[in-house]
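J.: build the 3D model from these lines:
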Amino acid sequence: MCLERLGADQTFRRDFTAGGLLVLEMDCSNLTNVESTDYQNRHKDADQQHSTEDEPLLRDNPRRFVIFPIQYPDIWRMYKQAQASFWTVEEVDLSKDLTHWDNLKPDEKHFISHILAFFAASDGIVNENLVQRFSQEVQLPEARSFYGFQILIENVHSEMYGMLINTYIRDSEEREHLFNAIQTMPCVRRKADWAIQWISDTKSTFGERIVAFAAVEGIFFSGSFAAIYWLKKRGLMPGLTYSNELISRDEGLHCNFACLLYSYIVKKPSEDRVKDIITKAVSIEQEFLTEALPVDLIGINGVLMKQYIEFVADRLLQDLGLAKVYLTENPFDFMESISLEGKTNFFEKRVAEYQRYGVMSNSMNCDFTLDADF
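T.: Predicted coordinates for the structure are as follows:
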């Protein structure tokens, strides 16, 4: 099989499919810029060569097509937790939001619409990485199960943000502008570019990329989630704020899963390298919410928002097994109370259904029996 490398100016969606675009000609001897997948693999850096051979997550696993028996119960439990948390956009009631939207100040509308514009594209970027990189690299069926379900719920998130934009924004040109935010909004493009670079990066280790996407889902989303929670504290936009609770819970689980997989990596990046990735993400998120799209548009103190992003970053570093960098306290106590309330309401609403189907059952016994009641 011959692969033609795409130019750097091509879109990222075509830039990393095992090296590029399939070339139909059988004779590749006269083609320029042609490399096979094997050739690319031989030219990965030493750390990646090590990881492929010696990392339990990445080494070739002939049993990767079969889930049972479960070899990694902690990874499997996270998959079942994700499954138990499933929701769809039809569960979110937007009937009151439009009245609230019409009563918002112009600055508040500007802020919310731009936050939604970033979110509308971000889940697609996360899925691009899962499809093109992580789900192909990781050889554990338990982890692949989680990634498969994550792809599903990221699509639900993307659908939800699209519905919110369609509901609030009546002008078709403005909607198009928001849906194309990566191209039309520099403040969104900078965040997107940072995430996209890790998808096409063939020199970084798997451990570095796990950290980077933990930062995307744990830091890049954190300030925006907090800003929408702030609207809930003010009693505004119940549909938006409820969907925000559901999505922030999902993204928290995805971030926790990244940290769990990171704990299985044998040759981890240096502490300095991890902190460099995290602090860069913090800097980009702080700039996004205090300069490019300042949170004071909706009445949040920008200094406190910076502190909150640092607090979230420190918590992520601890989850990765490292020391804090910022030593910042959580300035937004409302985040803890609202988040807890949202989780309680969600699971109370579904407890009977999930008990009936046994979604979160601890039992992994799949023995065949003939004594079932009908």
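J.: now for the spatially closest residue to residue 336 that is not a sequence neighbour, how many residues are close by?
T.: Spatial nearest neighbour of residue 336, excluding adjacent residues (CB to CB, 6 or more residues apart in numbering): residue 330 at 7.2 Å. In short, each C-beta sits where N, CA and C put it, glycine included. Around residue 330 there are 16 other residues, counting by other CB atoms under 10 Å.
J.: secondary structure element for residue 330?
T.: Taking DSSP states H and E as the criterion, residue 330 maps to no regular element, lying outside all helices and strands.
J.: OK, contacts around it?
T.: Neighbour list for residue 330: 308, 311, 336 [criterion: CB atoms under 8 Å, 6 or more residues apart in numbering].
J.: residue contacts, residue 183?
T.: Residue 183 makes contact with residue 189 under the criterion CB under 8 Å, 6+ apart.
J.: ignore the last one, residue 210
T.: The neighbours of residue 210, taking CB under 8 Å, 6+ apart as the test, are 134, 258, 261, 262, 265.
J.: ok, now residue 302?
T.: Contact partners of residue 302, counting by CB under 8 Å, 6+ apart, are 289, 290, 294, 295, 296.
J.: any idea which helix or strand carries the spatially closest residue to residue 262 that is not a sequence neighbour?
T.: What sits nearest to residue 262 in space, not counting adjacent residues and going by CB to CB, 6+ apart, is residue 210, at 5.1 Å. For residue 210, the host element (DSSP H and E) is helix 206-215.
J.: show me where this structure has strands.
T.: 3-4, 21-22 (DSSP state E).
J.: which stretch in these has the least confidence?
T.: Of all the strands of the chain, mean pLDDT reaches its minimum on strand 21-22 (a mean of 34).
J.: what's the closest non-adjacent residue to residue 144?
T.: The shortest distance from residue 144 to any residue other than its chain neighbours is 5.8 Å, reached at residue 135 (CB to CB, 6+ apart).
J.: quick check: that neighbour touching residue 146?
T.: No - under the criterion of CB atoms under 8 Å, residue 135 lies out of contact with residue 146, with a separation of 9.4 Å.
J.: neighbour count winner among those two?
T.: residue 146 (29 against 17).
J.: list the contacts for the closest residue to the more buried one other than its chain neighbours?
T.: The shortest distance from residue 146 to any residue that is not its chain neighbour, by CB to CB, 6+ apart, is 4.3 Å, and that residue is residue 79. For residue 79, the residues meeting the contact criterion (CB under 8 Å, 6+ apart) are 142, 145, 146, 149.
J.: same check on residue 274?
T.: Taking CB under 8 Å, 6+ apart, we find residue 274 in contact with 208, 211, 268, 317, 320, 322.
J.: so which of the contacts of residue 79 wins on neighbours?
T.: Among the contacts of residue 79, residue 146 has the most neighbours (other CB under 10 Å), with 29 neighbours.
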